[in-house]
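Novice: the sequence and its predicted three-dimensional model are supplied below.
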Amino acid sequence: QTCRETKVAVLGAGLTGIEAAKSLSNAGVTDFLIVEYNSDIGGRVAHTTFGQDANGNPYTVELGANWVQGLGTPGGPQNPIWVLAQRYNLSNTYSNYTSIETFSSTGANDFTSLLNDFDDAYAYVEQDAGYILTEGLQDRSFRSGLSLAGWKPQRDMAAQAVEWWEFDWEYAYCPEESSQEFAIVNYNTTFYQFSEENNYVWDQRGFNTFIKGEAYTYLKPNDTRLLLNTVVTNITYSDNGVRIDNADGSCITAEYAICTFSLGVLQNDDVTFSPALPAWKQQGIATFSMGTYTKIFLQFPSDQVFWDTSYQFLLYADPYTRGYYPVWQSLDAEGFLPGSGILFVTVVDNESYRVEAQTDDETLAEVLAVLRLMYPNTTIPEPTAFFYPRWSLEPWARGSYSNWPPGTTLEMHQNLRANVGRLWFAGEHTSAEYFGFLQAAYTEGQAAGDVVAACVNRVYAPEAYYENLRGSTTPTEYNATNGWIVSSFLTYGF
Ligand SMILES: Cc1cc2nc3c(=O)[nH]c(=O)nc-3n(C[C@H](O)[C@H](O)[C@H](O)COP(=O)(O)OP(=O)(O)OC[C@H]3O[C@@H](n4cnc5c(N)ncnc54)[C@H](O)[C@@H]3O)c2cc1C
């Protein structure tokens, strides 16, 4: 069979792939193909139409990425995603985390003072993480860090809800399953470097407008270099080139390729590699974690909205199960979609897998039962629309975003990043510092595009990898060779 030939195959048209191809294009490498499973650009920045407004027009809600996280301060570094959000005029509103009402199973119950207790413990965990990093010590779980700081929620379900709001809601994993050192690095490099603000994007064109905008700075309309609806099934790599085989029987041969498939896709063997990936690479892929974050949307008749729309957030502490429908967000609020009657609740990790396995009706019944506990003296109307995505079941995503498990070193992460032969890997999961965030995809896509463009132009610069791994990261290893691009001690945004 004759395969289509190209210099660089960019696998995936999420933010990483689009930025990688932009870097190639900027470096004068215009002979590339972008291969994408879905019918549109954007990957995990995905939206759907939901419910309808008073005129019968549907609303747009984001199923994946929703916030620009960390903006920037005057004179300080700007989050590149914030720069792009402004360039493409994305409608967004500051998320005010102090605009929160707390509930237990008997209704409204003010336990907001626990938020300060958690913050006190967190400050200790941060300092301790800095010590681990600068002294090259053994990492530990975020749970151990919190316990050592005196935060021990145990069976206090209000404290568990506060911990979930402060931690699981961001990392999509519980503190037991997360690294103390790298969770703190991840927070600092975004929120202390840029700023502590999170802006919620509610643009009715969809958040992916900025990724499309980026793509069409170098693609022409109907550009034949963008292959949508094309499912890669096998990647054959060597030191001489890469061959991509697709589900439709077509194939591509390339001098180089950049694989931007998610960690979940790599872990689930949705795509096979020939030859099998080396042991060090397989270890890197198997060791890191892919979290799942599920937003469950409800629309109620706009004249029967029963919650206090002056709050942005509602936090529910279930008496039995940690993480059981804990964080609710009202879009029926000034600055969002007033009059929409839209409320959504988020679950992560095991609760996500549980609701993904249920029918919509089963989940709706649970969600309404929780609302009846939160508002005991109120008649909760039937929602007019209900929807949630099942991220871990999507064969092109297999989860929402990556997380760093406890006790896993920077060398192990570098094995996740490193190339094999002429096949490069990039994605939010390959960012040692911004992992999970859009800025991870942006920086890693550009970096991979730059290095592959240099290769095409005959400056071959393979990534470092490690056959034998040790138990901790030495202070001198926090350098660009291992994907460490910015100090985690910056405080511009503080
Ligand atoms: C629910 C959720 C909430 C999030 N919230 C935020 C947030 O608020 N703020 C934030 O900064 N980040 C958030 N993120 C993370 C952010 O969306 C990701 O970091 C980013 O979009 C990852 O981009 P990527 O290009 O690395 O991967 P992807 O977007 O996954 O791109 C990879 C592309 O590869 C394609 N692909 C996969 N398999 C194949 C195949 N076999 N053949 C061909 N193509 C294939 C996929 O379709 C996809 O388009 C969230 C993500 C989710 C899912």
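Specialist: Right, received. Where do you want to start? Residues are numbered from 1 along each chain as shown.
Novice: show me what contacts the spatially closest residue to Gly493 that is not a sequence neighbour?
Specialist: Spatial nearest neighbour of Gly493, excluding adjacent residues (C-beta to C-beta, 6 or more residues apart in numbering): Ser195 at 3.7 Å. Backbone N, C-alpha and C define where each C-beta goes, glycine included. Contact analysis of Ser195 by C-beta atoms under 8 Å, 6 or more residues apart in numbering lists Gly70, Leu71, Gly72, Thr73, Gly76, Asn79, Tyr492, Gly493.
Novice: contacting residues for the fifth one?
Specialist: Gly76 sits next to Gln193, Phe194, Ser195, Tyr492, Gly493 when contact means C-beta under 8 Å, 6+ apart.
Novice: the last one reaches Glu196, doesn't it?
Specialist: Yes - the pair Gly493 and Glu196 qualifies as a contact (C-beta atoms under 8 Å) at a distance of 6.1 Å.
Novice: shared neighbours of those two, anything?
Specialist: Joint contacts of Gly493 and Glu196 (C-beta under 8 Å, 6+ apart) are Gly70.
Novice: the two: which has the busier surroundings?
Specialist: With neighbours defined as other C-beta atoms under 10 Å, Gly493 and Glu196 compare such that Gly493 has more, 21 against 15.
Novice: you'd agree Phe297 is up against Phe386?
Specialist: Yes - assessed by C-beta under 8 Å, Phe297 is found in contact with Phe386 at 6.9 Å.
Novice: and these two? Which one has more around it.
Specialist: Shown here are Phe297 and Phe386; by other C-beta under 10 Å, Phe297 has more neighbours (23 against 18).
Novice: pLDDT weak spots in the stretch 351-494 of the chain?
Specialist: Filtered on pLDDT under 70, the stretch 351-494 of the chain yields no residues whatsoever.
Novice: which residues in it form helices?
Specialist: Using DSSP state H, counting those that start in this stretch, the helices of the stretch 351-494 of the chain run over 360-374, 410-417, 438-456.
Novice: ok, now the chain?
Specialist: 15-26, 80-87, 113-135, 142-148, 157-163, 169-171, 180-187, 209-215, 263-267, 279-287, 349-357, 360-374, 410-417, 438-456 (DSSP state H).
Novice: how does this structure divide into domains?
Specialist: If you go by automatic domain parsing, the domain ranges for the chain are 4-45+208-277+420-463, 47-203+291-393.
Novice: so for the ligand, which of the ones you listed sits nearest?
Specialist: With C-beta to the nearest ligand atom as the criterion, the ligand lies closest to domain 4-45+208-277+420-463 of the domains of the chain, at 2.1 Å.
Novice: wait, does that closest one make contact with the ligand?
Specialist: Yes - counting by C-beta under 6 Å from any ligand atom, the ligand has neighbours in domain 4-45+208-277+420-463: 12-17, 35-38, 43-45, 231-232, 260-262, 265, 270-271, 427-428, 436-438, 440-441.
Novice: contacting residues for the residue nearest to Arg140 when sequence neighbours are not counted?
Specialist: Setting aside the residues directly before and after it, Arg140 is nearest to Gln180 in space (C-beta to C-beta, 6+ apart), at 5.2 Å. Contact partners of Gln180, counting by C-beta under 8 Å, 6+ apart, are Val125, Asp128, Ala129, Ile132, Asp139, Arg140, Ser141, Phe142, Ser144, Gly145, Pro406.
Novice: list the contacts of the second one.
Specialist: Looking back up the chat, that one is Asp128. The contact partners of Asp128, taken as C-beta under 8 Å, 6+ apart, are Gly145, Leu148, Ala149, Gln180.
Novice: ok, the fifth one next?
Specialist: Contacts of Asp139 were listed using C-beta under 8 Å, 6+ apart, and they are Ile132, Ser179, Gln180, Glu181, Phe182, Pro406, Gly407, Thr408, Thr409, Ser472, Thr473.
Novice: read off the pLDDT value for the residue lying closest to Gly17 once chain neighbours are set aside.
Specialist: Once flanking residues are discounted, Gly17 sits nearest to Thr260: 4.4 Å by C-beta to C-beta, 6+ apart. Listed pLDDT for Thr260 reads 99.
Novice: same deal with Val45?
Specialist: For Val45, the pLDDT comes out at 98.
Novice: ok, now how distant is it from Trp404?
Specialist: Plainly put, Val45 is 22 Å away from Trp404 if you go by C-beta to C-beta, to the nearest Å.
Novice: same check on Ala369?
Specialist: 35 Å.
Novice: give me the more crowded residue out of these two.
Specialist: Neighbours per residue, other C-beta under 10 Å: of Ala369 and Trp404, the larger number sits with Trp404, 29 against 12.
Novice: is it true that the more buried one touches Ala183?
Specialist: Yes - between Trp404 and Ala183 there is a contact at 6.7 Å, judged by C-beta under 8 Å.
Novice: so what's Arg4 bridging to?
Specialist: Per DSSP bridges, residues listed as beta-bridge partners of Arg4: Ile252.
Novice: burial count for it?
Specialist: Other residues close to Arg4 by other C-beta under 10 Å number 14.
Novice: so what's it up against?
Specialist: Residues near Arg4 by C-beta under 8 Å, 6+ apart: Leu33, Ser250, Cys251, Ile252, Thr253.
Novice: now do the same contact list for the residue nearest to the third one when sequence neighbours are not counted.
Specialist: With C-beta to C-beta, 6+ apart as the criterion, Cys251 has its nearest non-adjacent residue at 3.9 Å, and that residue is Cys3. When contacts are counted by C-beta under 8 Å, 6+ apart, Cys3 touches Arg243, Ile244, Ser250, Cys251, Ile252, Thr253.
Novice: go with 10 Å
Specialist: The contact partners of Cys3, taken as C-beta atoms under 10 Å, 6 or more residues apart in numbering, are Arg243, Ile244, Asp245, Asn246, Ser250, Cys251, Ile252, Thr253, Ala254.
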